[in-house]
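Peer 1: need the 3D shape of this:
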Amino acid sequence: SVPATQTLAVDEDWAIAGIPEGTEVWIDAVLAGTVDPTGLTLSFPMAAVWQVRFVPPFPWKPFDCEVTVS
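Peer 2: All right, here's what the predicted structure looks like:
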C-alpha cells in the first residue's frame with residue numbers, strides 16, 4: 001500500500017494504511033520508530049528528498065519509498 005515515491009508539503013501529514021504492526025520505519029538510515037496498533041502517520045519538517053525504508057516482521061519483505069517534500 002506504500003508507493004515507491006510520494007510528494008508532500010512541509011509538515012503535511014501522510015497517513016499510511018496497511019502497514020503491519022511491528023514494522024520498523026527508517027528515515028535516511030535512522031530508525032524513526034515502529035508501527036503500533038494506532039497505525040502510521042509521517043510528516044517531514046523541511047523541504048528535502050527523504051529515503052524511507054519499511055522493515056516489517058517476517059514474512060513480509062522490506063520496501064522503500066522516496067519522499068519529496070517541498
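Peer 1: residues contacting the residue most central in space within the chain?
Peer 2: Centroid-nearest residue in the chain, with CA atoms, centre = their mean: Val52, separated by 5.2 Å. By CB atoms under 8 Å, 6 or more residues apart in numbering, the residues touching Val52 are Val25, Trp26, Ile27, Leu42, Asp64, Cys65, Glu66, Val67. C-beta: built from backbone N, CA, C; applies to glycine.
Peer 1: please, where are all the strands along this protein?
Peer 2: If DSSP state E is used as the criterion, the strands of the chain fall at 5-8, 14-16, 24-27, 30-34, 40-42, 48-55, 63-69.
Peer 1: ok, for Val35, nearest residue in space, not its chain neighbours?
Peer 2: Residue nearest to Val35 in three dimensions, not counting chain neighbours: Thr23, with 4.3 Å by CB to CB, 6 or more residues apart in numbering.
Peer 1: wait, doesn't that neighbour sit right on Lys61?
Peer 2: No: with contact defined as CB atoms under 8 Å, Thr23 does not count as touching Lys61 (11.2 Å).
Peer 1: relative to Gly22, how far out is the residue lying farthest from the centre of the chain?
Peer 2: Residue farthest from the centre of the chain, counting by CA atoms, centre = their mean, is Pro59 at 18.8 Å. Applying CB to CB, to the nearest Å, the value for Pro59 to Gly22 is 12 Å.
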